[in-house]
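Asker: 3D model of this:
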Amino acid sequence: MSTCTDAARVLDSMDDTSLAIEESTGGYKSLAERALLAGACVACALRFNGCWNPASFQSPWQTLVRSYPSITQYNRDREADGRDTSPCTVCLGILQQAVSHPKDNAEHVAACVKKENRKFSHFGVAVQIPMECVIRDRCMWEHLRATKPSTKVIPADSTADTPSANCISKTEVPAENDAISCHQSVPGIRDALRYILLPYLEEALRVSSKPGVGVELLLSYSHSETVNDWDVLKSIEPSVFRERRQKSRKPWFRQTNVDSNAKAENESNQPTLPQVEKCLEAAANRETCKHRGIAQYISCPPTPVKTFSALPHVVGTHEPVYIAGRYTKHSRAVSQSPWFMDDADEEGDGPGGRGSRDPQTNGTKGVCFAFQRGQCTRGEKCKFAHATPTSGAETTEDTQKGKAKSEAISETPTERTTRPARDERKCKTTHSVEELIMPRVKELFGVDKAKFSSSGREDVDVRMLGNGRPFVLELLDPKNPAPGLYDTATAPKEYVVDLHDLQHRINAAPENIPSPLVQVSHLQVVSKKATQVLRDGATTKTKTYCCVIWTATPPTDEQLATLDTHRDLVLHQTTPVRVSHRRTLMVRERKVHWMRHRRLSQPNYFKLWLSTEAGTYIKEFVHGDLGRTFPNLGTLLGCEVDILSLDVVEVGLDWPPPLPGRT
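Answerer: Take a look at the predicted model:
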């Protein structure tokens, strides 16, 4: 943009047209007339005159002519001189094109939406304009303030069908020291664009507009000629435009290609709306001996431009859809989420817990690190190899099987199609609960990205039985948010998405698998607010487990009967060794509400049912975790105890509500 000398040149170069209008109105011009003389389009002139009536923007010239007859002659001169074809100096032609060709603009938006193959019943419109428009809008207002203030304002409550539309409200314009609030009191470019295009968009898309419901259409405008005009603001408040610190590291699932990174870096150099507004407010409050406010930095009124803004880039986004339900897991080889192996996992120091890196052999797999520290109490029953940096592993049959199993798990690569960024990484499990549920849901709702959350999680070798574990799927930007609703010519007023068929497809066994690994029940669409129950119940719910116990010496009936008498047994659990790499080292106090046992055919084995507080480590309560959990089942029975299998039989959270006639 030009400096203040350019602004003075523009003011001095006003032709006799402005004087003619001044003489015809007794030396008095309205805000709209002065805006037109300064190069604004008719829609911007109507904005600066304080008109908030949407119907007035459908025919802005007629509205202004009814209020200011002198504009009729100015309009003829404007068309004769060809000034009507010049881009607006404020909106850079955005509103001009919308007023002159509203149907073409609406059809362009509708064509972009059609390419995305979206289905929706309502839509809203969000507008993103160039930052140069924000600067020019403020400069034009400062120019209008500098001239004689007008008392003519088109009433906001006027309508085109009522006589009041031709009336003039004698409302005083705020004082000059209220410039900021006065500027914010007029409609913005975004507001005017919505007023103009919404009726035509409803006709082109054949759906009604309803902000905040359904899909939101973002119209992004750009203007290449003035893309660097905001550089002048750096001299006003240099500290505002300091380079924002970029994150040095991104999660693997957010990494993008080189083109996307370059685009993000370019966008990060562009100013934000708060930065621009802060600079403009700072400039408006500064004065010099010759100029006041923004005029000492930027031309007021804005300088003319040669090109119009390009047609908008349209992006549609739908609000997330939340699907709740309960799942049961019937396999001891299925994790809840995809279990990828990082480099630390491959060296034995990952989520498995007991495998560790050998300090001298640099990553021996399947080694018991508790044995290396002299703390392993399992002896020959330990399924990991007992090896030290200077000696080989013990050659017992159990340790060889454990090491072979660990190596087989660590070295078996499995293809993953749901997370392409980790296709080359190794996986510890072939299937997961998330991967067995997500594909069919994504296909039905037309979703590319989704999030899986549940009320807690179970280990990979733990089954989830009973009525299942509550979970919720957050479907981001679904293209078909209500399956079945848009297949009919007339949509019903009250429509509920029926997910019964989807539930049957998920529960069907995958290919090459004899029986279903995961089954879901009570699938239903819920609101975002309802999902808060999962977080609220994280610390209040109870869980019931069933486990098979082995004891070194056969317990007596009296010892087992003692277990059934315990109520609200308080445990002190130090962070278990197997999760110490990802959990804070601390002592947690948990409760075992009740226990119930049943003997098995072998004297050293029995089944134990127990109900505990959320967050209790059951495996550690059984074997003691090298004394880190006290009391434990071993101290209660007075002998060495270990756990052979574990099942979750109930999660005490009554959510989501069960559907009648569904299982």
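Asker: In the stretch 401-550 of the chain, what residue spans correspond to helices?
Answerer: Using DSSP state H, counting those that start in this stretch, the helices of the stretch 401-550 of the chain run over residues 433-445, 500-507, 532-536.
Asker: Name the stretch among those that sits most buried.
Answerer: helix 433-445 (a mean of 20; mean count of other CB atoms under 10 Å). Any C-beta I mention is one placed from the backbone N, CA and C, and that applies to glycine too.
Asker: and the angle from that one to helix 500-507?
Answerer: For helix 433-445 against helix 500-507, the angle by axes from the mean of the first three to the mean of the last three CA atoms, to 10 degrees is 140 degrees.
Asker: one step back: include distance to Gly468 and mean pLDDT when you put the helices of the stretch 401-550 of the chain into JSON lines, please.
Answerer: Listed next are the helices of the stretch 401-550 of the chain as JSON lines, based on distance: least, CB to CB, whole Å; pLDDT from 0 to 100:
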{"stretch": "helix 433-445", "distance to Gly468": "11", "mean pLDDT": "93"}
{"stretch": "helix 500-507", "distance to Gly468": "12", "mean pLDDT": "91"}
{"stretch": "helix 532-536", "distance to Gly468": "14", "mean pLDDT": "90"}
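Asker: And these: which comes nearest Val548?
Answerer: helix 433-445 (22.8 Å; CB to CB).
Asker: which outside residues touch that closest one?
Answerer: Outside helix 433-445, the residues that touch it by CB atoms under 8 Å, 6 or more residues apart in numbering are 321, 323, 327, 329, 334-338, 416, 418, 447-448, 450, 452, 473, 475, 478-481, 483, 502, 505-506, 510, 517-518, 520.
Asker: 6 Å - rerun?
Answerer: For helix 433-445, contacts defined as CB atoms under 6 Å, 6 or more residues apart in numbering pick out 327, 329, 336-337, 418, 452, 473, 475, 478, 480, 483, 502, 505-506, 518.
Asker: For Gln96, state which of these is nearest.
Answerer: The closest of the contacts of helix 433-445, once distances to Gln96 are taken by CB to CB, is Pro478, at 36.1 Å.
Asker: Look up how far Leu659 lies from that closest one.
Answerer: 21 Å (CB to CB, to the nearest Å).
Asker: hang on, the earlier thing: quick one: which of the contacts of helix 433-445 is nearest Thr531?
Answerer: Of these, the one sitting nearest to Thr531 (CB to CB) turns out to be Leu473, at 10.0 Å.
Asker: Excluding chain neighbours, give the residue nearest to that closest one in space.
Answerer: Nearest residue to Leu473, sequence neighbours excluded (CB to CB, 6 or more residues apart in numbering): Ile323, at 4.5 Å.
Asker: What average pLDDT does the host helix or strand of Thr562 get?
Answerer: Element membership for Thr562, per DSSP states H and E: helix 557-565. Mean pLDDT, helix 557-565: 95.
Asker: Rank the contacts of helix 433-445 by pLDDT and give me only the lowest.
Answerer: For those, the pLDDT minimum is Thr418, 40.
Asker: hmm, back to that, if we go by neighbour counts, what in the helix holding Thr562 is buried?
Answerer: Gln559, Leu560, Leu563 (16 or more other CB atoms under 10 Å).
Asker: Check the burial of Lys119 by counting its neighbours.
Answerer: 18 (other CB atoms under 10 Å).
Asker: Kindly report the same for Gln62.
Answerer: Residues near Gln62, counting by other CB under 10 Å: 13.
Asker: and it, what element?
Answerer: Per DSSP H and E, Gln62 falls inside helix 60-67.
Asker: Name the residues of that helix that are buried.
Answerer: So for helix 60-67, counting by 16+ other CB under 10 Å, buried means Pro60, Thr63, Leu64, Arg66, Ser67.
Asker: Isn't the second one up against Ser56?
Answerer: The one in question is Thr63. Yes - Thr63 lies in contact with Ser56 (CB atoms under 6 Å); the separation is 4.3 Å.
Asker: can you count the residues close to Pro274?
Answerer: Pro274, neighbours per other CB under 10 Å, totals 9.
Asker: Let me see the contact set for it.
Answerer: By CB under 6 Å, 6+ apart, Pro274 has no neighbours at all.
Asker: likewise the one 4 residues further on?
Answerer: For Lys278, the contact set (CB under 6 Å, 6+ apart) comprises Val240.
Asker: so it is in which element?
Answerer: Using DSSP H and E, Lys278 sits within helix 273-284.
Asker: For that helix, which residues meet the burial criterion?
Answerer: Per 16+ other CB under 10 Å, helix 273-284 contains these buried residues: Gln275, Val276, Glu277, Lys278, Cys279, Leu280, Glu281, Ala282, Ala283, Ala284.
Asker: coming back round to it: from the buried residues of helix 557-565, which is closest to Ile135?
Answerer: So of the buried residues of helix 557-565, ranked by how close each gets to Ile135 (CB to CB), first place is Leu563, at 75.7 Å.
Asker: Now the closest one. Nearest residue, chain neighbours left out?
Answerer: Spatial nearest neighbour of Leu563, excluding adjacent residues (CB to CB, 6+ apart): Met595 at 4.7 Å.
Asker: what's near enough to touch the one you found?
Answerer: By CB under 6 Å, 6+ apart, Met595 lies in contact with Leu563, His566, Leu610.
Asker: what's the neighbour count on the second one?
Answerer: Taking other CB under 10 Å as the criterion, the count of residues near His566 is 14.
Asker: For it, give its distance to Lys619.
Answerer: His566 is 18 Å from Lys619, by CB to CB.
Asker: Kindly report the same for the last one.
Answerer: When CB to CB is applied, the distance between Leu610 and Lys619 equals 12 Å.
Asker: which of the two has more neighbours?
Answerer: Neighbour totals were compared for Leu610 and Lys619, and Leu610 leads with 23 against 18 (other CB under 10 Å).
Asker: That one - nearest residue in space that isn't next to it in sequence?
Answerer: Met595 (4.5 Å).
Asker: again with Ile294
Answerer: Spatially, and ignoring its direct neighbours in sequence, Ile294 is nearest to Ala283 (4.6 Å; CB to CB, 6+ apart).
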